[in-house]
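**Student:** quick one: sequence and predicted model below, then my questions.
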Amino acid sequence: MLANEVTSLLDHLGVSADRRTGARAVRSPLTGKTIGHVQDASQQDAAETIALAEAAFRRWREVPPPRRGELVRLLGHELRAARDALGRLVTIEAGKIVSEGRGEVQEMIDICDFAVGLSRQLYGLTIASERPHHRMMEQWHPLGPAGVITSFNFPVAVWSWNAALALVCGNPVIWKPSEKTPLTALAVQTLFERAAVRAGNIPHGLCTVLLGGRDVGEVLVNDPRVPLVSATGSTAMGREVGTQLARRFGRSILELGGNNGSIVCPSANLDLALRAIAFAAIGTAGQRCTTLRRLFVHDSIHDEFMARLKRVYASVRIGDPLKSDEVLVGPLIDAAAFENMQRALKEARAHGAQVHGGERVDEKQFPDAYYVRPALVEMPAQTGPVLVETFAPILYVMKYTDLDAAIEQHNAVAHGLSSSIFSTDMREVETFLSVAGSDCGIVNANIGPSGAEIGGAFGGEKETGGGREAGSDAWKAYMRRVTSTVNYGDDLPLAQGVRFDI
Ligand code: NAD
């Protein structure tokens, strides 16, 4: 029974029994059945946790950054040892195939490694002053407790993108995971605590987890003792969180929905494009923020390419990913996701679409779980459901004749997360990457829009929220920038030649 396996995984990962009891039932999308129980945090728990984080901040900000990095190194060590068990728990709780569950933990390890190096590279600038005997510099100071609100579909990696950077930057972290995936959060919290014991002398309350729904998230959003909230989830959530934070001048990192597109040009390597598109559109059962949802295919290759795509869609193996490594598509997260998918397909038909797939499979075997055949939808134009993100495996395919017009269509949606072009014509590729090309935060060539590495800054524009996480200089969002001017002379020249003689 799945619940027994979950119990032994949580035992193996060291999650204490008192953490695994409570009123909230946790269910697995693999079966739809209950796999455990947890207790949601009360408003008072949340307030106390924030107070603890505030106290931890006073100590942690004084710890030299490379020593903070040592804690993150030890966390990476714990994650390496726990990779298979935690990855399997991700599969059970979020429904991903086994290699993706494990891959998510690998991503946590990668960002820990990155953050350890970063802990010695929190560089500021020295700036040329216009005044004699003056020096200007930029310093980066810790900001304060970071609230991290995460979505169900990356139940552990998104926390680590935030936490690894926030910790080396000198900030405590308070995590409000998705109410759909609390067990993986408890497992990660346990691994963190083990790393903290090994590191020694880590302030109590440096990293904490608050289970619960949006009401618990709202406590973080509304409390001025939390100067930064990084929120990952739907655009509807980000619109509320962003507005509430702005009202109190809190900082936000918003990582919201995507409606990602790719363009397949006549010169593309079609074998490569087919594989990339299949992974990006079908992988994770279409439940990635970077999932490919809109495909523009040049009319000269459209029919041939569609025929190949249809064969892939008809043959891809769907089912319980724990049963076979050949399964490439696991379940949708819940009944609501299935209903949203069916609604979008119905609407597409009303807009003149031809729909292939999209039906429920294995319903008899799993009456409480939602396995679906990914849907390939031939759309006459980019209208109706194509314009919004439906968090399910639906790929809308449209024809194009002129690349500039295709790019315009590509950009004519509310989201701006990820995008890609398939072409071996350097002018087409460079146009797509240029200022006149894709308007997204991630713009790829000859790979799909999903499956980012941690080394680059991750995030997108428009209704995706504008936040950036993970690599490059995303760490700056977790710090307070200070500009300092030092006068080492005996005069007091004023900037811009202003005179003020007293
Ligand atoms: P969701 O918006 O339903 O929930 C996300 C989190 O926000 C949960 O923890 C939830 O409890 C919390 N929440 C919801 N409303 C809140 C509020 N008003 N105040 C505070 N917290 C609140 O999203 P989901 O269904 O878990 O995830 C799917 C969505 O997440 C998709 O839209 C997907 O594109 C997006 N996503 C984006 C990224 C990214 O990096 N851009 C990554 C993963 C997922």
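**Tutor:** Structure's in. What do you need?

**Student:** would stretch 205-221 count as contacting the ligand?
**Tutor:** Yes - counting by C-beta under 6 Å from any ligand atom, the ligand has neighbours in stretch 205-221: Gly213, Arg214, Gly217, Glu218, Val221. All C-beta spots, glycine's among them, are computed from the backbone N, C-alpha and C.

**Student:** report pLDDT for the closest residue to the fourth one other than its chain neighbours.
**Tutor:** The spatial neighbour of Glu218 that comes closest, neighbours along the chain excluded (C-beta to C-beta, 6 or more residues apart in numbering), is Gln244 at 7.5 Å. pLDDT, Gln244: 98.

**Student:** in a strand, Gln244, correct?
**Tutor:** No - using DSSP: H, G, I helix; E, B strand; the rest coil, the assignment for Gln244 is helix, not a strand.

**Student:** for burial, what's the neighbour tally of it?
**Tutor:** By the criterion of other C-beta atoms under 10 Å, Gln244 has 15 neighbours.

**Student:** what sits against the residue nearest the centre of the chain?
**Tutor:** By C-alpha atoms, centre = their mean, the chain has its centre lying nearest to Val158, at 4.9 Å. By C-beta atoms under 8 Å, 6 or more residues apart in numbering, Val158 lies in contact with Val148, Thr150, Ser151, Thr232, Glu255, Glu469.

**Student:** rewinding a little: and the residue nearest to Glu218, how close does it get to Ala51?
**Tutor:** As for Gln244, its distance to Ala51 is 20 Å (criterion: C-beta to C-beta, to the nearest Å).

**Student:** same thing with Leu183?
**Tutor:** From Leu183 to Ala51 the distance is 26 Å (C-beta to C-beta).

**Student:** narrow the residues of stretch 205-221 next to the ligand to those in helices?
**Tutor:** Counted as lying in helices by DSSP state H, out of the residues of stretch 205-221 next to the ligand, are Arg214, Gly217, Glu218, Val221.

**Student:** in a markdown table: these, plus neighbour count.
**Tutor:** What follows is these, written out as a markdown table (neighbours: other C-beta atoms under 10 Å):
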| residue | neighbour count |
| --- | --- |
| Arg214 | 14 |
| Gly217 | 26 |
| Glu218 | 18 |
| Val221 | 23 |
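
**Student:** could you dump these into JSON lines and include pLDDT?
**Tutor:** JSON lines is the format used below for these (pLDDT from 0 to 100):
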{"residue": "Arg214", "pLDDT": "97"}
{"residue": "Gly217", "pLDDT": "98"}
{"residue": "Glu218", "pLDDT": "98"}
{"residue": "Val221", "pLDDT": "98"}
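
**Student:** just those residues now: which is nearest the ligand?
**Tutor:** Within those, proximity to the ligand (C-beta to the nearest ligand atom) peaks at Gly217, which comes in at 2.5 Å.

**Student:** contact partners for the closest one?
**Tutor:** Gly217 is in contact with Gly147, Ile149, Lys176, Ala231, Val241, counting by C-beta under 8 Å, 6+ apart.

**Student:** mind doing that once more with 6 Å?
**Tutor:** Contacts were defined as C-beta atoms under 6 Å, 6 or more residues apart in numbering; by that measure Gly217 touches Ile149, Lys176.
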